[in-house]
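got a predicted structure here, sequence first:
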Amino acid sequence: MTAGGLLGLCGHWRWFFGCGLGHLGVITVSGDEEAFQDKIDVFLRPGFGVRVGGRFDLGTSWGVQVAGDVLGLSRATRIALGQTILVEQPAVMVGTSLAAFWKF
């Protein structure tokens, strides 16, 4: 199970915006009692990053917004069972978004 949240502090100038991001995530790994010595592990993954983007009006009441995120976590996560890697999450996450909006 994974859960996380982002906290952003943003500023804008005309159509351009930029944000500082903070992340706090939790990863819980549960294993079979017969196969694993440690049955449950919980890992905290704090991180920091940035978001930049633009908001463009395409008419009087609607437009599009594009953004890109780069988020660095405190460390990567790798879960392996013998020689088999079950999970490999890098310490850097990158994302993009494209959204349409309607102003009223």
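Now that the structure is in, tell me what you want to look at. Numbers count the residues shown, from 1 in each chain.

show me what the one helix or strand in the chain whose mean pLDDT sits lowest is in contact with.
Across the helices and strands of the chain, mean pLDDT, DSSP states H and E gives its lowest value to strand 77-81, namely a mean of 76. Strand 77-81 is touched from outside by I27, V29, A35, F43, R45, I85, L86, V87, E88, Q89, with contacts defined as CB atoms under 8 Å, 6 or more residues apart in numbering. In short, each C-beta sits where N, CA and C put it, glycine included.

and the pLDDT at the residue lying closest to the fifth one once chain neighbours are set aside?
Same thing as R45. Once flanking residues are discounted, R45 sits nearest to G25: 4.2 Å by CB to CB, 6 or more residues apart in numbering. pLDDT recorded at G25 is 84.

circling back: for the following helix or strand past the least confident helix or strand of the chain, buried residues please.
On the C-terminal side of strand 77-81, the closest following helix or strand by DSSP states H and E is strand 84-89. For strand 84-89, a neighbour-count test (16 or more other CB atoms under 10 Å) marks Q89 as buried.

give the partner strands of strand 84-89 in its sheet and their orientations.
strand 77-81 (antiparallel) (DSSP bridges).

could you give the average pLDDT over the longest strand that the chain contains?
Criterion DSSP state E: the longest strand present in the chain is strand 40-57. Across strand 40-57, pLDDT averages out at 87.

one more: stretch 91-102?
pLDDT averaged over stretch 91-102 gives 93.

show me which of the contacts of strand 77-81 is closest to G72.
R45 (10.4 Å; CB to CB).

tell me, how many residues neighbour the closest one?
18 (other CB atoms under 10 Å).

what does the one 4 residues further on give?
Residues within reach of G49, counting by other CB under 10 Å, total 20.

how near is the closest residue to S61 other than its chain neighbours to R45?
Residue nearest to S61 in three dimensions, not counting chain neighbours: K103, with 5.1 Å by CB to CB, 6+ apart. Taking CB to CB, to the nearest Å as the measure, K103 falls 36 Å from R45.
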